[in-house]
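Visitor: I would like the atomic coordinates for the input below:
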Amino acid sequence: MRKIFESDAKVPLGADRARALEVFAAVVSEGSFSAAGRLLDLTPSAVSRTVDRIEARLGVRLLLRTTRALSLTAEGQAYLGAARRILSDLDDAEQSIADRGAPRGRLRISVSHAHARLTVVPLLGEFARLYPHILVDVGVSDRLVDVAAGEADVAIRFGPLADSSLTARKLGENRRIIVAAPGYLALRGMPQVPEDLLEHNCLNFNFRRAEPVWPFRKDGRDYALSVRGSIEANNGETLGQLAADGVGITRVGRFSVVEEIASGRLVPVLEDYNPGDVELVHAVFVGGTNMPARVRVFVDFLSEQMNRSPHF
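Guide: The predicted model follows:
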């Protein structure tokens, strides 16, 4: 039995233009009237008449039709570009209005390995409970993704931020701290002044720099001390684990070793000489009036939770 659809009947020119744009775009993307009909649940004749009405209204030929294929005219190519822009704007407008109710949709976040395990991932269960219509898509990587290019909706960044058009929201401060295992200190001795570190195995980051230096403050004066060690790594969690295993002394962000300090596996060293330097933690995202509600509620939630976190 033949399906009867509303678009099979004659309708005034100009009626339901958004639907007509959708039909035309589907014909081009699918390559035929029948394939577009299957996609949109319309009969091929309804699809054909919709395209005929558009061409009649515009007074130009948009499609060249043969028994084997469809091809766009120059006017059809221009119309297709406009149709796709309009449909995209319509989708964005509807999503924006829908977001004002219950935030929904896929939320792509990017976070480093250590920060994911220690701070972000433990919070996601509560976030999912509060916002069941948001699908959280977590990308865990130490690579800096390009948020502006659409690789993520929200990225968590440590340290100085590069100049960009992105919006940044401060989430916390990562205080630096020197730590060592009690067993290591019992064997090698507790450093009393920074210069004592010259006799110790100091575990460092392997970031590009002229030489590994640790900053200190003594008698109100800030200075840097060159230190040496047997192992370097690109993240604080690894250095903290090595220190907890008694390999040496390290200087890392407190968030990466807070659990080891609480358990007694690591103890702070030379705190009287700590210069108090911190590394700022930000959420970066594309802001503006069209920012999806799912991004806004996630950043608000993360800021509130991290301000309560013992890791910072």
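Visitor: low-confidence stretches in the chain?
Guide: 1-15, 95-101, 163, 208-211, 309-312 (pLDDT under 70).
Visitor: all helices for it, in order.
Guide: 17-30, 33-40, 44-58, 74-99, 113-115, 121-130, 182-188, 236-244, 258-263, 293-308 (DSSP state H).
Visitor: need the winner for burial among those.
Guide: helix 236-244 (a mean of 23; mean count of other CB atoms under 10 Å). Heads up, the C-betas are built off the backbone N, CA and C, glycines and all.
Visitor: which other helices and strands does it contact?
Guide: helix 113-115, strand 167-180, strand 202-205, strand 249-253 (3 or more CB pairs under 8 Å, 6 or more residues apart in numbering; DSSP states H and E).
Visitor: out of those, nearest to Arg53?
Guide: For Arg53, the closest of those is strand 167-180, at 44.1 Å, according to CB to CB.
Visitor: how far does the closest one sit from its chain's centre?
Guide: With CA atoms, centre = their mean, to the nearest Å as the basis, strand 167-180 stands 19 Å off its chain's centre.
Visitor: got it, and stretch 236-254?
Guide: 28 Å.
Visitor: circling back: okay, the helices of the chain in CSV with distance to Gly220 next?
Guide: Shown next, in CSV, are those (distance: least, CB to CB, whole Å):
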stretch, distance to Gly220
helix 17-30, 69
helix 33-40, 73
helix 44-58, 77
helix 74-99, 52
helix 113-115, 33
helix 121-130, 39
helix 182-188, 27
helix 236-244, 28
helix 258-263, 27
helix 293-308, 31
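Visitor: which one of those helices lies closest to Phe205?
Guide: Comparing those by CB to CB, helix 236-244 comes nearest, at 7.2 Å.
Visitor: and the angle for that closest one with strand 167-180?
Guide: 10 degrees (axes from the mean of the first three to the mean of the last three CA atoms, to 10 degrees).
Visitor: pull the CA atoms of helix 236-244 into PDB?
Guide: Only the C-alpha atoms of helix 236-244 are listed here, as PDB (Å, rounded to 0.1, in the frame of the first residue of the first chain):
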ATOM      1  CA  GLY A 236      54.300  14.500  38.800                       C
ATOM      2  CA  GLU A 237      52.400  11.200  39.600                       C
ATOM      3  CA  THR A 238      55.300   9.100  38.300                       C
ATOM      4  CA  LEU A 239      57.900  11.200  40.200                       C
ATOM      5  CA  GLY A 240      55.800  11.000  43.400                       C
ATOM      6  CA  GLN A 241      55.600   7.200  43.000                       C
ATOM      7  CA  LEU A 242      59.300   6.900  42.600                       C
ATOM      8  CA  ALA A 243      59.900   9.100  45.700                       C
ATOM      9  CA  ALA A 244      57.400   7.000  47.700                       C
END
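Visitor: what's the angle from that helix to strand 249-253?
Guide: 150 degrees.
Visitor: what is the neighbour count of Val179?
Guide: 23 (other CB atoms under 10 Å).
Visitor: for Leu203, see how far away it is.
Guide: For Val179, the distance to Leu203 equals 10 Å [CB to CB, to the nearest Å].
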